[in-house]
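Student: Structure for the following, please:
(one chain, ligands or ions: 3)
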Amino acid sequence: MQLQLTSPLDMHLHLREGAMLDLVAPLSARDFAGAVVMPNLVPPVDNLERLAAYTAAVRQATQDHPFAPYMTLFFREYDQATLEAARPHIIGMKLYPEGVTTNSAGGVRDLAAIAPTLELMQHLGIPLLVHGESHGFVLDREAEFLPVYDRLARQFPRLTIVMEHITTAAALDLLDQHPNLYATVTLHHLLITLDDVAGGLLQPHLFCKPIAKRPEDRAALRAAALRAHPKLMFGSDSAPHPLNRKEAAGCAAGVFSAPVILPLLAEFFADHDALPHLQTFVSDTARSVYGVNPPQTTITLAREPWTVPEAYGNVVPFYAGRTLPWQVVERAYA
Ligand SMILES: NC(=O)N[C@@H](CC(=O)O)C(=O)O
Ligand SMILES: [Zn+2]
Ligand SMILES: [Zn+2]
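Tutor: Ligands and ions are numbered 1, 2, ... in the order given. Have a look, this model is predicted:
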């Protein structure tokens, strides 16, 4: 049995920089025709010079494949001139509430004080991408942030707002209440729950933020993804960390899924008799939401087992060592 996908897109990807960028970028670029590249580096991508340099570095690291880097700026209260200068070079601005996740110390402290920048972004047509979590109890952080999304969507009705890596049924409910609200969902939040992370021995390579939630949340995400909800884009949130930062007390948050995404999405959609919706979920929805026109690629998958490597360099992948039923058998670039 074979399956062909055209120009898969990853609308939430961490490529890092330096040696880590060189290691992980090809593992995304070989399967994805484009990706939204997140700006939470150290220091963040929060000025035009750093944006230009990082864009060049990503292009360099992905040069062996047709790959469109859709870059983002780390949200700050930029002035109009900066936003206008950045606009041709970014797909959106990424807002991290202060301290909620990896490399977000420089994030937004007061979400009620950023209206002028949001006003400018709405005026300039720059989308707002958000890591939507509060500082509350770990399982409640996304739910506690939903009123912020609700307020922003009402206050800025012409601003495109993307709820990144949603993990709850409640976020899906909100998605349907505002035309300018969109979302991304990861592979791992479709497959695992908190039980997989901490129900037995603690699994550092399944720990991420937002943390995986309850089975009923996963069920809601699954239903929306399998029917290719028109406002729900695939975004892996593939977030590599070196082994010694994951297998450690104080384990870094992030699941490194890039190498196994398409085989596992094929399995997931096939197992739920939803393969006809996979092309829309993994590419067409993002193209219509953002109006992007990625390079033309054709990725062929076959139901032939392969075993996931235990590591790629010093990074352990999602489902490391597992034998998966589907694999990519051909990558054709137009
Ligand atoms: N998701 C994660 O657990 N980590 C991401 C940051 C983020 O997407 O929140 C990372 O950059 O490591
Ligand atoms: Zn995030
Ligand atoms: Zn992320």
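
Student: Would you mind listing what in the stretch 51-200 of the chain touches ligand 1?
Tutor: By Cβ under 6 Å from any ligand atom, the residues of the stretch 51-200 of the chain that approach ligand 1 are 101-102, 131. For the C-beta atoms, the positions are set from N, CA and C on the backbone; glycine is no exception.

Student: I'd like the distance from the host helix or strand of Pro69 to the chain centre, please.
Tutor: Element membership for Pro69 (DSSP states H and E) is strand 68-74. Put simply, strand 68-74 sits 12 Å off its chain's centre (Cα atoms, centre = their mean, to the nearest Å).

Student: which other residues reach that strand?
Tutor: Residues from elsewhere that reach strand 68-74, judged by Cβ atoms under 8 Å, 6 or more residues apart in numbering: 11, 33-40, 44-46, 51, 54-55, 58-59, 62, 86, 89-94, 96, 106, 129, 290, 292, 294-295.

Student: Just the buried ones out of these, please.
Tutor: 11, 33-40, 44-46, 51, 54-55, 58, 62, 86, 90-94, 96, 106, 129, 290, 292, 294 (16 or more other Cβ atoms under 10 Å).

Student: Take those and keep only those in strands.
Tutor: Taking DSSP state E as the definition of strands, the buried ones among the contacts of strand 68-74 contribute 11, 34-37, 92-94, 129.

Student: which of those residues are the two that sit furthest away from each other?
Tutor: Pairwise distances across these (Cβ to Cβ) peak at 18.1 Å, for the pair Gly34 and Met93.

Student: What are the buried residues along stretch 125-136?
Tutor: Buried-residue list, stretch 125-136, by 16+ other Cβ under 10 Å: 126-134.

Student: Just give me the neighbour total for the residue nearest to Arg222 when sequence neighbours are not counted.
Tutor: Nearest in space to Arg222, with sequence neighbours left out and distances taken as Cβ to Cβ, 6 or more residues apart in numbering, is Leu190 at 5.7 Å. When neighbours are defined as other Cβ atoms under 10 Å, Leu190 has 18 of them.

Student: host element of Leu190?
Tutor: helix 188-191.

Student: next helix or strand past that helix?
Tutor: Using DSSP H and E, the helix or strand that follows helix 188-191 towards the C-terminus is helix 194-198.

Student: Give the other helices and strands that the next helix-or-strand element following that next one contacts.
Tutor: Going down the chain from helix 194-198, the next helix or strand is helix 215-226, by DSSP H and E. Packing partners of helix 215-226 (3 or more Cβ pairs under 8 Å, 6 or more residues apart in numbering; DSSP states H and E): helix 169-175, strand 181-185, helix 188-191, strand 232-234.

Student: Val58 against Pro26, yeah?
Tutor: No. Between Val58 and Pro26 there is no contact under Cβ atoms under 8 Å: 11.3 Å.

Student: on that earlier part again, looking at the helices and strands packed on helix 215-226, spot the one closest to ligand 2.
Tutor: Of all those, strand 181-185 sits nearest to ligand 2, with 9.8 Å by Cβ to the ion.

Student: just to revisit the earlier point, ligand 1: which of the buried residues of stretch 125-136 is nearest?
Tutor: His131 (5.0 Å; Cβ to the nearest ligand atom).

Student: what's the pLDDT at the closest one?
Tutor: Looking at His131, its pLDDT reads 98.

Student: got a list of what Pro295 touches?
Tutor: Pro295 neighbours (Cβ under 8 Å, 6+ apart): 7, 33-34, 66-68, 333-334.

Student: Glu98 too?
Tutor: Contacts were defined as Cβ under 8 Å, 6+ apart; by that measure Glu98 touches 104-109.

Student: Can you give me the distance of Pro259 to Leu27?
Tutor: 5 Å (Cβ to Cβ, to the nearest Å).

Student: if we can go back for a sec, could I have the helix holding Leu190 exported to PDB, CA atoms only?
Tutor: This file holds the C-alpha atoms of helix 188-191, laid out as PDB (Å, rounded to 0.1, in the frame of the first residue of the first chain):
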ATOM      1  CA  HIS A 188       2.800  13.800  19.700                       C
ATOM      2  CA  HIS A 189      -0.300  15.400  21.200                       C
ATOM      3  CA  LEU A 190      -2.300  13.200  18.800                       C
ATOM      4  CA  LEU A 191      -0.600  10.100  20.000                       C
END
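
Student: How about that helix and ligand 2, any contact?
Tutor: No. Shown here: helix 188-191 not in contact with ligand 2 (Cβ under 5 Å from the ion), separated by at least 11.6 Å.

Student: who's in contact with that helix?
Tutor: Helix 188-191 is contacted from outside by 165-167, 206, 208, 212-213, 218, 221-222, 225, 237, 255, 257, 264, 268, 318, using Cβ under 8 Å, 6+ apart.
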